[in-house]
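1. Next comes the sequence, and after it the predicted model I'd like to discuss.
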Amino acid sequence: MSAGLACSWALTIRPSGPGDDDAPAGIELSCMLTIGISGFAVLITAAPSVRRAMGRWAGGGSPRPWC
């Protein structure tokens, strides 16, 4: 959700004129935040403790919990 918000910031920032250097810097920052937040989410999901706690939701465990 946070990555989506940062991505929407990158898409909505517009330069106010030809000499506006702050807008491209803001777009770059928003893009880097999107990449960083997404990478962090992948690392958290791939962590073994999270995979054990989440069970089948993280790709492990039995598809039928009653078995």
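-> Structure received.
2. Number of residues surrounding residue 3?
-> 16 (other C-beta atoms under 10 Å). The C-beta positions use only the backbone N, C-alpha and C, and glycine is treated the same way.
3. what bits of the protein have low per-residue confidence?
-> Residue ranges of the chain with pLDDT under 70: 48, 50-67.
4. Can you list the buried residues in the longest helix seen in it?
-> Criterion DSSP state H: the longest helix present in the chain is helix 22-46. Residues 26-27, 30, 33-34, 37 are the ones in helix 22-46 that count as buried (16 or more other C-beta atoms under 10 Å).
5. Show me what that helix is packed up against.
-> helix 2-12 (3 or more C-beta pairs under 8 Å, 6 or more residues apart in numbering; DSSP states H and E).
6. Just the residues contacting the helix it packs on, thanks.
-> Defining contact as C-beta atoms under 8 Å, 6 or more residues apart in numbering, one finds that helix 2-12 is touched by 26-27, 30-31, 33-34, 37-38, 41.
7. please redo it, this time with the cut-off set to 7 Å
-> By C-beta atoms under 7 Å, 6 or more residues apart in numbering, the surrounding residues in contact with helix 2-12 are 27, 30-31, 33-34, 37-38.
8. now the longest helix of the chain and helix 2-12, what's the angle there?
-> Inter-element angle recorded for helix 22-46 and helix 2-12: 160 degrees (by axes from the mean of the first three to the mean of the last three C-alpha atoms, to 10 degrees).
9. chain center to helix 22-46, what's the gap?
-> Distance, stretch centre to chain centre, for helix 22-46: 7 Å (C-alpha atoms, centre = their mean, to the nearest Å).
10. one step back: I'd like the buried residues of helix 22-46 as CSV, with distance to residue 11 appended.
-> Below are the buried residues of helix 22-46 laid out as CSV (distance: C-beta to C-beta, whole Å):
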residue, distance to residue 11
26, 12
27, 9
30, 8
33, 13
34, 10
37, 15
